[in-house]
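Undergrad: give me coordinates for this.
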Amino acid sequence: MLELVKAGGWPMIPLLLLTVVALGIILERFWTLRRKTVLPPGLGDEVRAWAARGNLDPSHIDSLRRTSPLGALLAAALDVRQRPRDQIRERIEDVGRHLVHRMEKFLNTLGTIAAAGPLLGLFGTVVGMIQMFLGILDSGIGDVNQLAGGIGKALICTATGMIVAIPALMFHRYFRGRIAGYIVDMEHEAIQLLDTLDTPRNASAPMSAGARGITPPVSGT
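TA: You can find the predicted model right below:
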């Protein structure tokens, strides 16, 4: 492996740096985007139970906000629970956009590595070919086997660029898909919480209407 790196020349240095960065991002995103970290099991049921009991003091909401992205989304809905449903949905959408941006952290960098890897590899190959042809210009073709070996060494950078880019592209798409799945599940939990918050309102609405609309009968004499 060390011999291949030496054969590729100095263009191999940025490719190796991109490899280290891509590997670090992949490991960090795997750790950060674990399902139990983003969507703790049972959290949605617990929050709906709080809402049904009316146990929604500010300390509970603040602690919920710090638990996970799902907790932050549900806490945002609970902050404005007294407002109309459409305004609560707007708050959920606003907070959801911030959460998506946070979950997509470093993914743009990973996508850039996937796009830049082959270009850097091609650049290294071009540099190697230029050096080889300049050598031919100075000393002639010489040994054909040596010429073939020089071409092979020049292509090492291209192969390395693809080795860097292909996994980076695959994991970039994989993490984007995982985040999209999380968003769908978080929206489902938020909608269920909205239904729970609407239940007391719907239950009290007929009672108050009846209280206003029903008048005791007047008995005649």
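Undergrad: what packs against the helix or strand hosting Y174?
TA: For Y174, the host element (DSSP states H and E) is helix 144-213. If you count contacts as 3 or more Cβ pairs under 8 Å, 6 or more residues apart in numbering; DSSP states H and E, helix 144-213 packs onto helix 2-8, helix 12-32, helix 43-53, helix 69-79, helix 85-103, helix 107-139. Every C-beta, even on glycine, is put in place using the N, C-alpha and C of the backbone.
Undergrad: for those helices, give me TSV that also has mean neighbour count, distance to M186 and mean pLDDT.
TA: Listed next are the helices and strands packed on helix 144-213 as TSV, based on neighbours: other Cβ atoms under 10 Å; distance: least, Cβ to Cβ, whole Å; pLDDT from 0 to 100:
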stretch	mean neighbour count	distance to M186	mean pLDDT
helix 2-8	14	44	67
helix 12-32	16	15	92
helix 43-53	16	9	87
helix 69-79	22	5	91
helix 85-103	15	7	91
helix 107-139	16	18	83
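Undergrad: can you redo the ones you listed as TSV with distance to I183?
TA: Output for the helices and strands packed on helix 144-213, formatted as TSV (distance: least, Cβ to Cβ, whole Å):
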stretch	distance to I183
helix 2-8	41
helix 12-32	15
helix 43-53	14
helix 69-79	10
helix 85-103	6
helix 107-139	14
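Undergrad: what's the burial count for G161?
TA: Here the count is done by other Cβ atoms under 10 Å, and G161 has 26 residues near it.
Undergrad: ok so, going back, nearest to K153, of the helices and strands packed on helix 144-213?
TA: helix 2-8 (4.3 Å; Cβ to Cβ).
Undergrad: still on that earlier bit, just want the angle from the helix holding Y174 to helix 12-32.
TA: Angle between the axes of helix 144-213 and helix 12-32 is 30 degrees (criterion: axes from the mean of the first three to the mean of the last three Cα atoms, to 10 degrees).
Undergrad: sorry, back to before: looking at the helices and strands packed on helix 144-213, which is nearest to V164?
TA: helix 107-139 (3.9 Å).
Undergrad: tilt between that closest one and helix 12-32?
TA: Using the same axes, to 10 degrees: helix 107-139 against helix 12-32 is 160 degrees.
Undergrad: just to revisit the earlier point, the helix holding Y174 to helix 69-79, inter-axis angle?
TA: Using the same axes, to 10 degrees: helix 144-213 against helix 69-79 is 30 degrees.
Undergrad: report the secondary structure state of Q82.
TA: At Q82, secondary structure determined by DSSP: H, G, I helix; E, B strand; the rest coil is coil.
Undergrad: mind starting the numbering at 34 from now?
TA: Sure, I'll start numbering at 34, so the last one becomes Q115.
Undergrad: tell me the predicted confidence for it.
TA: Here, the pLDDT recorded for Q115 equals 85.
Undergrad: quick one, phi/psi of it?
TA: phi -80, psi -10 (degrees, to the nearest 10).
Undergrad: how near is it to D95?
TA: 17 Å (Cβ to Cβ, to the nearest Å).
Undergrad: one more: A147?
TA: 39 Å.
Undergrad: for R68, same thing?
TA: Counting by Cβ to Cβ, the gap from R68 to D95 is 24 Å.
Undergrad: F139 now?
TA: Counting by Cβ to Cβ, the gap from F139 to D95 is 28 Å.
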